[in-house]
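Undergrad: Next one to model:
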Amino acid sequence: MPWYVYILRCGDGTLYTGITDDVERRLAVHRTGKGAKYTRGRGPLELVYTEQVPDRSAALRREAAVKKLSRKEKEALIGRGQGRIPPAVPPD
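TA: Numbers count the residues shown, from 1 in each chain. Okay, the predicted model is just below:
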């Protein structure tokens, strides 16, 4: 089953990165205020980027790599749509 790395743009302009196996369901949970603590009270939330990966392990590695990017690099990733950056941990 595929997993996804996603980026949300919060109402205050900040970016939140997470993983899920169901993007629409996870976005709905964020919007109800029951998602990540960071996104609570920061609405409206806009889904600005998704990237499919093969499994949860790959999603966790990719999420870590995206979170290490600068704001400028994240904006470039969003602007390109689905993009690739080197994984945080070399694949086995």
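Undergrad: All the strands of this protein, in order from the start?
TA: 3-9, 15-20, 46-53 (DSSP state E).
Undergrad: Pick the most deeply packed of those.
TA: strand 3-9 (a mean of 22; mean count of other CB atoms under 10 Å). Yep, even glycine has a C-beta here, placed from its N, CA and C like the rest.
Undergrad: Would you mind giving the orientation angle of that one with respect to strand 46-53?
TA: Counting by axes from the mean of the first three to the mean of the last three CA atoms, to 10 degrees, strand 3-9 lies at 160 degrees to strand 46-53.
Undergrad: Kindly export strand 3-9 (C-alpha atoms) in PDB.
TA: C-alpha atoms of strand 3-9 as PDB (Å, rounded to 0.1, in the frame of the first residue of the first chain):
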ATOM      1  CA  TRP A   3       2.200   6.100   1.600                       C
ATOM      2  CA  TYR A   4       2.400   9.900   1.000                       C
ATOM      3  CA  VAL A   5       4.500  12.700   2.200                       C
ATOM      4  CA  TYR A   6       2.500  15.900   2.200                       C
ATOM      5  CA  ILE A   7       3.000  19.600   2.900                       C
ATOM      6  CA  LEU A   8       0.300  21.900   4.300                       C
ATOM      7  CA  ARG A   9       0.400  25.700   4.100                       C
END
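Undergrad: follow-up on the earlier one: please name whichever of the strands of the chain is nearest to Val66.
TA: Counting by CB to CB, Val66 lies closest to strand 15-20 out of the strands of the chain; the figure is 5.0 Å.
Undergrad: Distance to Gly33 added to the strands of the chain, as CSV?
TA: Compiled in CSV, these are given as follows (distance: least, CB to CB, whole Å):
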stretch, distance to Gly33
strand 3-9, 13
strand 15-20, 13
strand 46-53, 16
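Undergrad: Enumerate every residue touching the closest residue to Ile19 other than its chain neighbours.
TA: Computed as CB to CB, 6 or more residues apart in numbering, the closest residue to Ile19 that is not its neighbour in sequence is Ala59, at 4.1 Å. Residues in contact with Ala59 (CB atoms under 8 Å, 6 or more residues apart in numbering) are 3-5, 19, 53.
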